[in-house]
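In: Structure of the sequence below:
(one chain, ligands or ions: 1)
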Amino acid sequence: MLYEGVLNKMQTEFNTPIEYYLVFKNNFININQIIDRDIKIDFTGYECLNCGQHKKIFRQGFCYECFYSSAQVGDWIMRPELSKAHLGIEDRDLEYETKVQIQPHIVYLAVASDVKVGVTRKTQVPTRWIDQGASKAIEIVEVPNRYLAGITEVALKDMFTDKTNWRKMLQNEVLETNLEEIRNSLKDKLPDEVKPYFDQTNSAIFNLDYPVLQFPKKITSLNLDKTPSYQGKLKGVKGQYLLFEDGTVFNIRTYEGYMVNIEVI
Ligand SMILES: [Zn+2]
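Out: Okay, here's the model as predicted:
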């Protein structure tokens, strides 16, 4: 079966295990159903996810021009504490920023390898945790906008990592830890304006289970620019990574905007 299209991060469904879909314009692949099959990936060109032109992808699926002009990739995305829409101040497009920033946000703890603190829109729970390959997660606090979430993350950042060790995550080396206990110890460390939201936030632990038959022992990242054609037996999916029998891992997110042919053999 041959599929062709532009890579976008895989869509997911929170299930046991999580369901993954690679969605193209005219068709899609349910990744869970092709685990243990040989698949061949061929890189055929670029298509910017924003302007649709066949220009080299710079970052996050966007060409250089779109990356530096689109409202979807302002600095406040990666650094939520820079959000200013709640003050009526524009970064690139106030209408867009108001829509995205002024809505419920969650500050959370997640364990993909070590304990990490992060921020997401409430509508992205649990998608955000799945994308990171987290095994467990808990909400610390729900706040009404991105700015409050951002300053909370900054206040807690020094106590935790804000990065996932992706090699450990892919090898399923996950720290054993009591997330509920850690969460409850954080109340006093929250910024004063955030403290009132703590008690009303849902503090249930989410457990996430990925469809993986075999975790890689030695990891090699597939680089489509250097290796435009690859074939291997798929052994699972975790985060946004496809895991192959020979230890090759393919991070779909890194290659958003790349056009590919995918053959399921
Ligand atoms: Zn573009």
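
In: In the stretch 151-265 of the chain, which residue sits nearest the ion?
Out: Here the stretch 151-265 of the chain gets closest to the ion at one residue, G257, 8.4 Å apart by CB to the ion. Every residue, glycine included, has its C-beta placed from N, CA and C.

In: Quick check: that residue touching F62?
Out: Yes - at 6.9 Å, G257 and F62 qualify as touching, with contact defined as CB atoms under 8 Å.

In: Comparing the two, which residue is more hemmed in?
Out: Remark: of G257 and F62, G257 carries more neighbours, 25 against 22, as counted by other CB atoms under 10 Å.

In: how near is that one to K217?
Out: For G257, the distance to K217 (CB to CB, to the nearest Å) stands at 31 Å.

In: that older thread, got any residues that touch both of G257 and F62?
Out: Residues touching both G257 and F62 by CB atoms under 8 Å, 6 or more residues apart in numbering: 48-49.

In: so what strands line up beside the helix or strand harbouring V141?
Out: Element membership of V141 [criterion: DSSP states H and E] is strand 136-143. Strand pairing for strand 136-143, determined by DSSP bridges: strand 105-111 (antiparallel), strand 205-207 (antiparallel).

In: Straight-line length of stretch 24-39, end to end?
Out: Terminal residues of stretch 24-39 lie 16 Å apart, using CA to CA, to the nearest Å.

In: That stretch - what's its average pLDDT?
Out: For stretch 24-39, mean pLDDT rounds to 96.

In: what about dumping the CA coordinates of the lowest-mean-pLDDT helix or strand in the chain to CSV?
Out: Across the helices and strands of the chain, mean pLDDT, DSSP states H and E gives its lowest value to helix 75-78, namely a mean of 89. The C-alpha trace of helix 75-78 is given here as CSV (Å, rounded to 0.1, in the frame of the first residue of the first chain):
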residue,chain,number,x,y,z
ASP,A,75,8.1,33.9,20.9
TRP,A,76,5.2,33.5,23.4
ILE,A,77,4.6,30.0,22.0
MET,A,78,7.8,28.7,23.4
